[in-house]
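K.L.:
everything below, folded, please.
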Amino acid sequence: MSAETSIKVESVSKKFCRNLKKSLWYGMKDLGSEILGRPYGGKGELRPDEFWAVKDVSFELKRGECLGLIGRNGAGKTTLLRMLNGLIKPDCGRIEMRGRVGALIALGAGFNPILTGRENVYVNGAVLGLKKKEIDAKFDEIVDFAEIGEFIDAPVQSYSSGMQVRLGFAVASAVEPDVLLLDEVLAVGDVSFQAKCFNVLADMRTRGVPFILVSHNMHSVARYCEKVAFMKQGRVEFLGKADEGIARYLADNRAAGGDDTIGPDWSVVHGSGRVVFTSARFTSMNGETLQSIKVGDSLCLEVEYECPHEPPENPVFDVCIRSRGEQLFQGTNKADNIEFGGLGRKGVLRLCLDYLPLNVEYVDFYFCLMDGKTGELFDWKRDLRLHIDPDAKQVGSVRLNAQWQVLPCQ
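P.N.:
As a prediction, the model looks like this:
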């Protein structure tokens, strides 16, 4: 591998057997053959009841890059991640990893349920290559980040799923890995902890730590990954830019009868909760509510918010417009040199656009609010859908004139 390459995967394949008895028999035969120095010669072939969980996967990941691993359930994403972490062995191909690998692949993976949280921290730290003195120095930091408190000396089997995730991520990030592997388990944690985790990921990325993120949340994938690998039936169907990969995944999901959008869930806060979004609507420039729009018309997005705690100063309102995975617009008030100042306890964040440069039947809005200095994520929502009048499709300029405002609640 080159000095800048952290992960190199070459033609990796892994097969499993549907029949338990045959699986045990095949495993014994393969193990015996390897012990005798005669590896099973049919690794590239399937025996009765076997299937390819991962087939002929190749990619490279350089320092500071983030790869989103996407696909429907059963596509082979977690199997591939487990091979990258060394938990299972590939049947074919080669995997090269540079440096210390931190991973959170399955809920409680690596935790002994009868050991306490404290004992598991030391065991996991040792597995990841840390000496006891190093773990001692980081222990308080791990406990504080995991928010375990007095439960650190309780057996892990008494922990909730969220507590296990918090402790697992705290250990994986505290060891300062050279490569980080993350599965969907972050979705189990509460929203405030999710925000902390993604802030850590952003910091790692600035330090050049590459990571692989497996997720069904396309907003997270689009936000943190510049490229994706879309997997289907064990194979990589697409490897490239995130927008195009997400579009292919959504198209495949629709073709299979799935729903590629669920719309915002206003009852859930996806962040620290210092500011929360309560509702949103589309309006014309004069405030008339819109259910659909003609391409070329002006448009305003109005998002109502509340501040349960002390309102932040000069927050950043980030809005992204997508259509079937393709990013059409993304901007912030900060990028346009607009400061909101101090927010009120309640209010409306407003973004007005001259027109939509689209030739599609609908567009989805993704938006979030964060601290302009620390990057703390307060709340985000996704898939707020606006339908386009089918009789007025046209293509306009990609450049939009964005106007950002904060208004008091009506």
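
K.L.:
and the helices in the stretch 201-350 of the chain, which stretches?
P.N.:
For the stretch 201-350 of the chain, the helices defined by DSSP state H, counting those that start in this stretch cover 218-224, 242-255.

K.L.:
out of those helices, deepest packed?
P.N.:
When the helices of the stretch 201-350 of the chain are scored by mean count of other Cβ atoms under 10 Å, the highest mean neighbour count falls to helix 218-224 (a mean of 22). For the C-beta atoms, the positions are set from N, CA and C on the backbone; glycine is no exception.

K.L.:
ok so, going back, for Phe277, which of the helices of the stretch 201-350 of the chain is the nearest?
P.N.:
helix 218-224 (13.6 Å; Cβ to Cβ).

K.L.:
ok, residues contacting the closest one?
P.N.:
Helix 218-224 is contacted by residues 66, 68, 70, 198, 201-202, 205, 213, 215, 228, 242-243, 246, 249-250, 320, 322, 325, 327, 366, 380, 382 when judged by Cβ atoms under 8 Å, 6 or more residues apart in numbering.

K.L.:
so which of the residues you listed belong to strands?
P.N.:
Cys66, Gly68, Ile70, Leu213, Val228, Cys320, Arg322, Gln327, Tyr366, Trp380, Arg382 (DSSP state E).

K.L.:
could those go into a markdown table alongside neighbour count and distance to Phe151?
P.N.:
Conversion of the ones in strands among the contacts of helix 218-224 to a markdown table gives the following (neighbours: other Cβ atoms under 10 Å; distance: Cβ to Cβ, whole Å):
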| residue | neighbour count | distance to Phe151 |
| --- | --- | --- |
| Cys66 | 24 | 32 |
| Gly68 | 26 | 33 |
| Ile70 | 28 | 34 |
| Leu213 | 24 | 28 |
| Val228 | 29 | 37 |
| Cys320 | 19 | 38 |
| Arg322 | 23 | 41 |
| Gln327 | 16 | 42 |
| Tyr366 | 21 | 36 |
| Trp380 | 22 | 29 |
| Arg382 | 23 | 33 |
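
K.L.:
of the residues you listed, which one scores lowest on pLDDT?
P.N.:
Ranked by pLDDT, these bottom out at Gln327 (72).

K.L.:
show residues contacting stretch 68-78.
P.N.:
14, 53-55, 57, 80-81, 105-106, 183, 212-216, 218, 221, 224-225, 227-235, 242, 245-246, 249, 252-253, 256, 258.

K.L.:
low pLDDT regions in the stretch 201-350 of the chain?
P.N.:
Residue ranges of the stretch 201-350 of the chain with pLDDT under 70: 219, 254, 256-263, 295, 324-326.

K.L.:
what's across from Leu299 in the sheet?
P.N.:
On the basis of DSSP bridges, Leu299 takes part in beta bridges with Leu353.

K.L.:
so how many other residues sit close to it?
P.N.:
Look at Leu299: counted by other Cβ atoms under 10 Å, it has 21 neighbours.

K.L.:
my guess is it contacts Ile293. True?
P.N.:
Yes - counting by Cβ atoms under 8 Å, Leu299 does reach Ile293; the two are 5.7 Å apart.

K.L.:
ok, Gly372 - contacts?
P.N.:
When contacts are counted by Cβ under 8 Å, 6+ apart, Gly372 touches Asn314, Pro315, Val316, Lys334.

K.L.:
how about the ones in strands among the contacts of helix 218-224 in TSV, adding distance to Gly168?
P.N.:
Output for those, formatted as TSV (distance: Cβ to Cβ, whole Å):
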residue	distance to Gly168
Cys66	19
Gly68	20
Ile70	22
Leu213	15
Val228	24
Cys320	30
Arg322	31
Gln327	32
Tyr366	28
Trp380	23
Arg382	25
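
K.L.:
all strands of the stretch 1-150 of the chain, in order?
P.N.:
Assigned by DSSP state E, counting those that start in this stretch, the stretch 1-150 of the chain shows strands spanning 5-17, 50-62, 66-70, 92-97, 101-104.

K.L.:
mind listing what's buried in the fourth one?
P.N.:
With burial defined by 16 or more other Cβ atoms under 10 Å, the residues of strand 92-97 counted as buried are Cys92, Gly93, Ile95, Met97.

K.L.:
from those, pick the one nearest Leu61.
P.N.:
Met97 (9.6 Å).

K.L.:
Val406 sits in which helix or strand?
P.N.:
Assigning secondary structure by DSSP states H and E places Val406 in strand 402-407.

K.L.:
what pairs with that strand, parallel or antiparallel?
P.N.:
Here, using DSSP bridges, strand 402-407 pairs with strand 346-353 (antiparallel).

K.L.:
centre of the chain versus the partner strand, how much separation?
P.N.:
The gap between where strand 346-353 is centred and where its chain is centred comes out at 27 Å by Cα atoms, centre = their mean, to the nearest Å.

K.L.:
now do stretch 212-222
P.N.:
With Cα atoms, centre = their mean, you get 3 Å for stretch 212-222.

K.L.:
for the residue lying closest to Gly64 once chain neighbours are set aside, give me the backbone phi and psi.
P.N.:
Using Cβ to Cβ, 6 or more residues apart in numbering and skipping the chain neighbours, the partner closest in space to Gly64 is Gly208 (4.5 Å). Backbone torsions of Gly208, given as degrees, to the nearest 10, read phi 90, psi 10.

K.L.:
in stretch 303-323, what counts as buried?
P.N.:
Buried residues in stretch 303-323, counted by 16+ other Cβ under 10 Å: 303-307, 311-312, 315-323.

K.L.:
and if you look at stretch 223-242?
P.N.:
Buried residues in stretch 223-242 (16+ other Cβ under 10 Å): 223-225, 227-232, 234-236, 238-239, 242.

K.L.:
tell me where the stretch 51-200 of the chain has helices.
P.N.:
Using DSSP H, counting those that start in this stretch, the helices found in the stretch 51-200 of the chain span residues 77-84, 117-127, 132-146, 161-174, 191-206.

K.L.:
any idea how far Ala137 lies from Arg118?
P.N.:
Distance, Ala137 to Arg118, using Cβ to Cβ, to the nearest Å: 15 Å.

K.L.:
neighbour count winner among these two?
P.N.:
Higher neighbour count among Ala137 and Arg118: Arg118, with 16 against 12, using other Cβ under 10 Å.

K.L.:
tell me the contacts of the more buried one?
P.N.:
Arg118 touches Phe139, Ile152, Asp153, counting by Cβ under 8 Å, 6+ apart.

K.L.:
sounds good, over and out.
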